[in-house]
Each structure stands twice: as C-alpha cells, then as structure tokens.
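> sequence first, predicted model second:
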Amino acid sequence: MTMQKEQILTSEEIEILQELMNIAFGQSAADLAEVIDTQVVLSVPFIKLMQVADLPEYFKNHVKDYKNINLVEQKFWGRFKGDALLVFSSGAGKELITLLKHDEEVSLESDPVDILERETLMEVGNILIGACVGKIAELLQDVVTYTPPMVAVEKGYQEAISGGRYDPECTAIVLKTDFCFEEGDVTGFLFLVTSNDSGTWLREALKLFIEQYE
Amino acid sequence: MILNQFFDALNLGVLILDRDLKVYKWNRWMEIHSGISAAKIHNTPIFEVFPGLNTPKFNRSCKSVFKFGNLCFFSQKLHHYLFPFKSTAYSGHEFEFMQQSCAMGPLRNDNNEVEYLYIYIQDVTEVAVYEQKLVELNMKDGLTGVYNRRFLEKKLKEEVERHRRYTGDFSVVLFDIDHFKRVNDDYGHQCGDFILKSVSSRIDSIIRNVDYLARYGGEEFCCLLPQTPLKFAAKVAERFRVVIMDQEHNYDNKIINVRISLGVSALQSDITTADEMIKRADEALYRAKDGGRNRVETI
C-alpha cells in the first residue's frame, strides 16, 4: 500500500496540492459569496491517499454524527477527473431553501417541499462543487465539465453511500474539506475522489504550478 | 452550415446568450413557439423580451455558469416553465403554458473562457399531464372521486403534526350510510355504487376548500376539518346529516332516500395522535348507530 501511495503522489506533491487547494478554496469562497449571496466558510482542505476499498469506512467515520445525510454527487471530466461527493447535514435542504429565498420565488402547491428541497440541494451542491473543482482545475490550467448532479435527500448513511461504486483495486486521492454557511445551520463535507488515472497528469500539473513560484 | 441545420432540426428549444444575456442564437423551435424570429431577437437582452425570466434563481444560475462553468437545471416540477409558450399538447389539461424541463450550461471560446451560455428547453407537457393523472389516481377513490384512505391517513398525520406545532383546533367527522346493505340487497350493487357516489359528491359540494373528504372504506367516509373546534365540527356533522336526509336519489326511476350516522372527534389533551382521533370518532359513530342511527355523536 505504501508503495502505491508513493507511485501516485510523493509527500512533497501532496504538500503542493494542499497549498493549491488552500488558494483555490480561498478564491472559491469569494466567488460563492457573489453567486449565492452568503458567505460559505471552507476549512483548510485535507488530503489523503487511500485504497478505494477503504473509502466507505472513511466516509462513514466522517458522517457518523449525522442522523441522516443529504448527498449530491457529480462526476467531473477533464484531465483532472473524478467524482465529487458533497455531504450535507440533516435538515440542510430546508435551511438552504430559506437561505436562497426559494420559498418566496416558488408557489408551494400541495406536496412540493421535498421537490424544492431536492432541487435546492442540487443547485447549491452544483455551485459548491463547481466552485471548488473548477478552481483547482483552473489553477492547474485545466478545464473540467460536469455530469448532471445526482441527489439523495435525507437518507441514512448506508442507503446513500454504497460500497460498490468504485473499483476497489484503485487508489484514490481523497480531498476533504468541511464547510459551513455563515447564516443558517448548514454544515457538511466535500470529498473529491480522483483515481490514479489522473495521477500522471496531476503530478505534471503540480510541477508546473509550483514552477511559477520558484 | 451543417451545424445550423442540425440546430434548427432539433425538437428542442435552444438559445445561446452572451455574457450580457443578449441573444446570440435562437433556433427554429424557439421561433415557432415564441413567434419571434431569430433575426428580430438577435442581440436583444433576453429580459427585454421575457421579463419573467429575471428572477434570483435565473440570475444566480447565469452567474454560476459564467463563473464556474456549471450546469444548471430548471425542473418542470418546480418551475413549470422558463418561457411562457402556449402548449401544443392535446387539449383537456389544465396547464396554461407549455411545461418545460430546461438546462443551462457553459460554452467556451478557444481560450477556454466561458463566453456564452446555452439553454435548452424540452416540452414535457404530456409527461406532466400523465404524471398529474397518476398522482390523482393515487390519491382519489376510483368509485366516488373523493380522496382515498391512503391519502386520508397521510393527510391526517400531517394535519395532526401541524396543529400540534402551531396549536389550533382540528376535528374529524366519521360517517357511515345507515342500512347500506339493504340498499344493495333491495336494488342491487350498481344502485349501491350510485348511492355512494351521490352521497359523497353531495357532502363534497358543501365542505370548505381546506377540508378533505375521503372514503374510509365500504360505505364509511371521513372528513377532516382543519382549524375547526369540536363544537363547530358537531354543527358541520349535523348539517351533513340533514343534507343527506333531504337528498333524493333517483336511480332507475326509483326515488331512494338514505340516512347517515356520524361520529365527531377533535384533538384535545387526551387525544393527541391521528390513530386516537379516528378511534374516538369511530366510538362516537358506534354510539350514534346504537342510539338509533341518523344522528350525530361527539366524543
């Protein structure tokens, strides 16, 4: 396992990636404030290499305090390629509806609150993922496109995150950040899982990135 | 040239806006449904022609496309439509405008900067009509057209929850057609069905918009009365009784009269759940039956 870790990124490269993400998230927060009119506080990102088979357990350890979770998942495609999983705390959907003033825009008929919740999570998830992933890609001179987001609303952890979604043979670069909204009681985690396919390119890109500072 | 033909051949609305949200492209589908030619709308700010689009959600979506290169979606379920176009789907539905499922995304120039955004519009009116019918089928009783028991149980729980949270009065009336078996035996089951429809539609016509009438089972019905104290619910029940007693059912040139017995219950300190409410209304209904029928009993 140690061997594989070394094959993907060295500890120095991880450090550069960490630094790059600090810059990216700093800029994302400013962009996010402009788009959704509220401050999102993104923590210093944490990077870890791990076997894909260990991912479910890793996710579980992070979200175990949540009663239910809301999950937005989006694949991103570029030379930087992978899967973004955004996990919101229980009740986040309803908080975000108020935060985005969706309830004033949309007339609520008989039963659309869950649809509204779903769409709001999708929208905010889409924006957060776009801001973070897009910024990292931009700093690495890459452009990514996204698949439409998939949403799981108020599910138990087991229901929302299944073990079989990734190839267990792969090594994943997991980038984790926790975020909270300045207003409203919304917290969560963003996990970016990129497989070793992106590894070679990522190493090159990181090298180029750090060269501008040398 | 070839792409333009494809663009116009699509059975989808496609438009492209520049960073000032002026129209750059407008395909034939958009020309047909909007009645505005591509030449005429070219370079016009989209909000000038469709001021209804100027909402926080739309603006936020445009910003996120230009800023992050995101995809954005406008589902029919929530937004119904972005562009108020007349529906071309078959008539007989209640949608005033074409129901649309729309998405928005980035278009980049050679320098990879997002220069334009595209919007595509899919006409989903027919799907929405089917869905609406399915939703209705799922909540309504096939014979009488009033709500079914599944819907009643869901609504009852919601209302109990809501009234507990915001406090307020909430009552239910449970009623049953007296000697209904005799109607079936004397006039046949088709006549029985006719009576069920006739009684439920009469009651349905005199309740408020906020009340729910549901078929509870067989010849038993339940009416939910939000924001109504027990005292008034008893009056409503009495009105039901009189209205049905006075109603004449003309089946196959025979005039038939039926009566109903009613039990009323309400949320109160010792009745705090949906199950308890129904149980107590049912007990009251039994007392009404035991007490000679064609009468109202409250808890």
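Thanks, I have it. Numbers count the residues shown, from 1 in each chain, chains lettered A, B, ... in the order given.
> what average pLDDT does stretch A:16-27 get?
Here stretch A:16-27 scores 84 as its mean pLDDT.
> hmm, that stretch in reach of chain B?
No: Stretch A:16-27 does not reach chain B (CB under 8 Å from any CB of the partner chain); its nearest approach is 10.7 Å. In this view, the C-beta of every residue, glycine as well, is placed from N, C-alpha and C.
> that stretch: which residues count as buried?
Using 16 or more other CB atoms under 10 Å in any protein chain shown as the test for burial, stretch A:16-27 gives A:16-17, A:20-21, A:24-25, A:27.
> send me it as CSV with only the CA atoms.
The C-alpha trace of stretch A:16-27 is given here as CSV (Å, rounded to 0.1, in the frame of the first residue of the first chain):
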residue,chain,number,x,y,z
ILE,A,16,1.8,21.3,-3.2
LEU,A,17,-1.7,20.1,-3.8
GLN,A,18,-2.6,21.1,-0.2
GLU,A,19,-1.2,24.6,-0.9
LEU,A,20,-3.0,24.8,-4.2
MET,A,21,-6.3,23.8,-2.6
ASN,A,22,-5.8,26.5,0.0
ILE,A,23,-5.5,29.1,-2.7
ALA,A,24,-8.4,27.6,-4.7
PHE,A,25,-10.8,27.5,-1.8
GLY,A,26,-9.9,31.0,-0.8
GLN,A,27,-10.9,32.2,-4.2
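> can you give me the strands in chain A?
Taking DSSP state E to define them, one finds strands in chain A at A:40-42, A:46-51, A:69-77, A:82-89, A:145-146, A:150-155, A:171-181, A:187-195.
> related to what we said a few turns ago, with distance to B:Ser200 as extra columns, can I get the buried residues of stretch A:16-27 in JSON lines?
Formatted as JSON lines, the buried residues of stretch A:16-27 follow (distance: CB to CB, whole Å):
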{"residue": "A:Ile16", "distance to B:Ser200": "72"}
{"residue": "A:Leu17", "distance to B:Ser200": "67"}
{"residue": "A:Leu20", "distance to B:Ser200": "68"}
{"residue": "A:Met21", "distance to B:Ser200": "63"}
{"residue": "A:Ala24", "distance to B:Ser200": "63"}
{"residue": "A:Phe25", "distance to B:Ser200": "60"}
{"residue": "A:Gln27", "distance to B:Ser200": "63"}
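> the strands of chain A: which one's closest to B:Val14?
Among the strands of chain A, the nearest to B:Val14 by CB to CB is strand A:145-146 (17.8 Å).
> adjacent strands (with direction) for the closest one?
strand A:69-77 (antiparallel) (DSSP bridges).
> for B:Ala281, pull up the helix or strand it's in.
Secondary structure assignment for B:Ala281, by DSSP states H and E: helix B:274-290.
> from the contact counts, what lies against that helix?
Counting contacts by 3 or more CB pairs under 8 Å, 6 or more residues apart in numbering or on different chains; DSSP states H and E, helix B:274-290 is packed against helix B:149-166, strand B:170-177, strand B:260-266, strand B:296-298.
> now the strands of chain A as CSV including mean neighbour count, mean pLDDT and distance to B:Met1?
Output for the strands of chain A, formatted as CSV (neighbours: other CB atoms under 10 Å in any protein chain shown; pLDDT from 0 to 100; distance: least, CB to CB, whole Å):
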stretch, mean neighbour count, mean pLDDT, distance to B:Met1
strand A:40-42, 18, 81, 45
strand A:46-51, 16, 82, 49
strand A:69-77, 22, 87, 29
strand A:82-89, 23, 86, 38
strand A:145-146, 18, 87, 26
strand A:150-155, 18, 81, 38
strand A:171-181, 20, 80, 45
strand A:187-195, 22, 81, 40
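> okay if I get the helices and strands packed on helix B:274-290 as a markdown table plus mean pLDDT, distance to A:Met150 and mean neighbour count?
Putting those into a markdown table (pLDDT from 0 to 100; distance: least, CB to CB, whole Å; neighbours: other CB atoms under 10 Å in any protein chain shown) gives the following:
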| stretch | mean pLDDT | distance to A:Met150 | mean neighbour count |
| --- | --- | --- | --- |
| helix B:149-166 | 89 | 27 | 15 |
| strand B:170-177 | 96 | 39 | 26 |
| strand B:260-266 | 97 | 44 | 27 |
| strand B:296-298 | 95 | 51 | 22 |
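> now the ones you listed as a markdown table including distance to B:Tyr286?
Listed next are the helices and strands packed on helix B:274-290 as a markdown table, based on distance: least, CB to CB, whole Å:
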| stretch | distance to B:Tyr286 |
| --- | --- |
| helix B:149-166 | 19 |
| strand B:170-177 | 10 |
| strand B:260-266 | 7 |
| strand B:296-298 | 8 |
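> once you drop chain neighbours, what's closest to B:Ile16?
B:Lys25 (3.8 Å; CB to CB, 6 or more residues apart in numbering or on different chains).
> just to be sure, that neighbour is in a helix?
No: secondary structure of B:Lys25 (DSSP: H, G, I helix; E, B strand; the rest coil): strand, not part of a helix.
> tell me the SS of the closest residue to B:Arg259 other than its chain neighbours?
Of all residues not flanking B:Arg259 in the chain, B:Asn294 sits nearest, at 3.9 Å (CB to CB, 6+ apart). Three-state assignment for B:Asn294 (three-state DSSP): coil.
> surely B:Asn294 meets B:Met245?
Yes: if you go by CB atoms under 8 Å, B:Asn294 and B:Met245 touch, sitting 6.7 Å apart.
> need the residues touching each of those two.
Taking CB atoms under 8 Å, 6 or more residues apart in numbering or on different chains as the criterion, B:Asn294 and B:Met245 both touch B:259-260.
> so between those two, which is more surrounded?
B:Asn294 (17 against 12; other CB atoms under 10 Å in any protein chain shown).
> tell me, what residue is most central in chain A?
With distances taken as CA atoms, centre = their mean, A:Leu190 lies nearest the centre of chain A, 3.3 Å away.
> and stretch B:68-86 with chain A, contact?
Yes: using CB under 8 Å from any CB, stretch B:68-86 comes into contact with chain A via B:68-73, B:75, B:77-79.
> by neighbour count, which of these wins?
B:Asn70 (29 neighbours).
> which secondary structure element is home to that one?
Applying DSSP H and E, one finds B:Asn70 in no helix or strand.
> which ones are touching the closest residue in space to it that isn't next to it in sequence?
Leaving aside its sequence neighbours, B:Asn70 sits nearest to A:Gly130 (CB to CB, 6+ apart; 3.9 Å). By CB under 8 Å, 6+ apart, A:Gly130 lies in contact with A:146, B:64, B:68-70.
> how about those in TSV, adding distance to B:Lys181?
Formatted as TSV, the contacts of A:Gly130 follow (distance: CB to CB, whole Å):
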residue	distance to B:Lys181
A:Tyr146	64
B:Ser64	64
B:Phe68	68
B:Gly69	69
B:Asn70	64
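> those: which two are farthest apart?
A:Tyr146 and B:Ser64 (11.3 Å).
> shared neighbours, those two?
Common neighbours of A:Tyr146 and B:Ser64 (CB under 8 Å, 6+ apart) are A:126, A:130, B:70.
> the helix holding B:Ala281: how far from the chain's middle?
29 Å (CA atoms, centre = their mean, to the nearest Å).
> which positions in that helix come out as buried?
B:274, B:277-278, B:280-282, B:284-285, B:288-289.
> before we move on, the earlier item: closest to B:Arg208 among the contacts of A:Gly130?
Once CB to CB is applied, the member of the contacts of A:Gly130 that ends up nearest B:Arg208 is B:Ser64, at 43.5 Å.
> neighbours around that closest one, how many?
As a measure of burial, B:Ser64 has 28 neighbours, counting by other CB under 10 Å.
> equivalent analysis for B:Trp29, please.
21.
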